[in-house]
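**Student:** give the three-dimensional model of this entry:
(2 chains)
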Amino acid sequence: DVKVTQSSRYLVKRTGEKVFLECVQDMDHENMFWYRQDPGLGLRLIYFSYDVKMKEKGDIPEGYSVSREKKERFSLILESASTNQTSMYLCASRGQYSNQPQHFGDGTRLSIL
Amino acid sequence: SQQGEEDPQALSIQEGENATMNCSYKTSINNLQWYRQNSGRGLVHLILIRSNEREKHSGRLRVTLDTSKKSSSLLITASRAADTASYFCATRSSASKIIFGSGTRLSIRP
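**Tutor:** Presented below is the predicted three-dimensional model:
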């Protein structure tokens, strides 16, 4: 089974801090994704990566950046955390083909105080 | 606005009954997927239906797709307590991105 592991289940940070969320997958997937999930809004795509060192903006990239130095690891960075970035963050990976399912981690619930 | 919108937003049924959730979308799609999310967990893929398919089954799940109405339905038969979760449809219109709806919260009463 595919395993997608997010480094923290819960995280509390302060406004202005630089925050790193880590995600690792063990299935050699080419594609990796970062979403945020807010009540009533569903999942919104922040960034995705289709290969090492490659990234593309999703629907809400403002205030975020990403890093993919190795195929198995995809990091989400909040450059200067703000309270409106309090949310559930979900990482996912997918194989090479677009009709393959995405596999999700269990999420990181991030609170910015 | 969301590409996929589920209806209803919340559904509560008795154990053993069937649960039906609907998804409407706006643009042409390559495929449509349904996912389940248990409380506090990530999403789990349930089933994918391609744009040239009309119906698909997987165990107690039945998915239909009507591309003329831009809608899909997910039927869970003989519901169980373990089916309590949120259910999301996700539509794919480009090679890399899929768009998720805001979900239906399903509660199964014992």
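
**Student:** sheet-wise, list the partners of the longest strand along chain A with their directions.
**Tutor:** Scanning chain A for the longest strand, with DSSP state E as the assignment, gives strand A:42-51. When pairing is defined by DSSP bridges, strand A:42-51 lines up against strand A:31-38 (antiparallel), strand A:54-57 (antiparallel).

**Student:** excluding its own residues, what touches that strand? List them.
**Tutor:** Here strand A:42-51 makes contact (CB atoms under 8 Å, 6 or more residues apart in numbering or on different chains) with A:30-38, A:55-61, A:64-66, A:68, A:71, A:74, A:76, A:90, B:2, B:43, B:88, B:96-97, B:99-103. (Each C-beta comes from the backbone N, C-alpha and C, glycine too.)

**Student:** and for stretch B:88-102?
**Tutor:** A:31, A:35, A:40-43, A:45, A:48, A:50, A:56, A:58, A:98-99, A:102, B:2-6, B:9, B:23, B:25, B:27-37, B:43, B:72, B:74, B:103-104.

**Student:** how long is that stretch from one end to the other?
**Tutor:** By CA to CA, to the nearest Å, the extent of stretch B:88-102 from end to end equals 7 Å.

**Student:** same check, this time on stretch A:56-75
**Tutor:** 13 Å.

**Student:** give the buried residues for it.
**Tutor:** Neighbour counts using 16 or more other CB atoms under 10 Å in any protein chain shown place A:Gly58, A:Tyr64, A:Val66, A:Ser67, A:Arg68, A:Lys71, A:Glu72, A:Arg73, A:Phe74, A:Ser75 of stretch A:56-75 among the buried residues.

**Student:** what's the answer for stretch A:85-98, then?
**Tutor:** Neighbour counts over stretch A:85-98 (16+ other CB under 10 Å) mark A:Gln85, A:Thr86, A:Ser87, A:Met88, A:Tyr89, A:Leu90, A:Cys91, A:Ala92, A:Ser93, A:Arg94, A:Gly95 as buried.

**Student:** show me the contacts of stretch B:88-102 that map onto strands.
**Tutor:** Within those, residues falling in strands by DSSP E are A:31, A:35, A:42-43, A:45, A:48, A:50, A:56, B:5-6, B:23, B:31-37, B:43, B:72, B:74, B:104.

**Student:** what's the burial count for B:Asn38?
**Tutor:** 14 (other CB atoms under 10 Å in any protein chain shown).
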